[in-house]
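Undergrad: Here's my sequence, what's the structure:
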Amino acid sequence: QVQLVESGGGLVQAGGSLRLSCAASGFIFRINAMGWYRQAPGKERELVATVTSGGSTNYADSVKGRFTISRDNAKYTSVYLQMNSLKPEDTAVYYCNADVMTSYRAEGNYWGRGTQVTVSS
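TA: Now for the predicted structure:
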């Protein structure tokens with residue numbers, strides 16, 4: 001099995017910054033992509049940012065220029081989300097997601113339990 005554990009959430013004032021971390025562990029052959037999604041109360045889960053094993057990144061329009069996704073280059077088992085210029089509308093539970101190959105032929109999609117980010121106005 002594969003586990004994703006997020007950390008770094010919290011309460012911050014509008015305009016502030018937070019850095020989220022996600023570490024993957026378990027039986028990992030290769031991680032093809034990792035990313036962050038968020039879900040605000042009463043809303044559907046939405047993509048925030050993703051990064052592939054090749055380093056390609058993708059961002060939601062609402063966070064472009066404010067958030068930066070990065071990964072550790074050594075083992076590619078951790079992903080980070082630097083969030084700057086936070087807005088109250090960024091308040092949500094942030095989930096880590098990963099496409100993981102657990103063997104040469106088996107691939108699965110995994111989720112962390114989430115970390116709360118609250119931005120006060």
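Undergrad: Need the residues that contact stretch 57-67.
TA: Contact with stretch 57-67 is made by 35, 46-51, 69, 81-86, 89-90, as judged by CB atoms under 8 Å, 6 or more residues apart in numbering. C-betas here are computed from N, CA, C, even on glycine.
Undergrad: Please report phi then psi for the most centrally placed residue in the chain.
TA: Compute the mean C-alpha point of the chain, and by CA atoms, centre = their mean the closest residue is Trp36, 2.5 Å away. With angles defined as degrees, to the nearest 10, Trp36 sits at phi -120, psi 140.
Undergrad: What residues does it make contact with?
TA: Taking CB under 8 Å, 6+ apart, one finds 20, 22, 47-50, 69, 79, 81, 94-97 in contact with Trp36.
Undergrad: Make CSV from these and add neighbour count and distance to Gln1 to it.
TA: Shown next, in CSV, are the contacts of Trp36 (neighbours: other CB atoms under 10 Å; distance: CB to CB, whole Å):
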residue, neighbour count, distance to Gln1
Leu20, 22, 22
Cys22, 25, 16
Leu47, 14, 24
Val48, 24, 25
Ala49, 23, 25
Thr50, 20, 22
Ile69, 21, 25
Val79, 27, 19
Leu81, 25, 24
Tyr94, 23, 22
Tyr95, 20, 17
Cys96, 26, 15
Asn97, 21, 16
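Undergrad: What about those residues, which are in strands?
TA: 20, 22, 47-50, 69, 79, 81, 94-97 (DSSP state E).
Undergrad: my guess is Glu46 meets Asp90, correct?
TA: No: Glu46 is beyond contact range of Asp90, at 11.4 Å (criterion: CB atoms under 8 Å).
Undergrad: Those two: who's more crowded?
TA: Between Glu46 and Asp90, counted using other CB atoms under 10 Å, the more crowded position is Asp90 (22 against 12).
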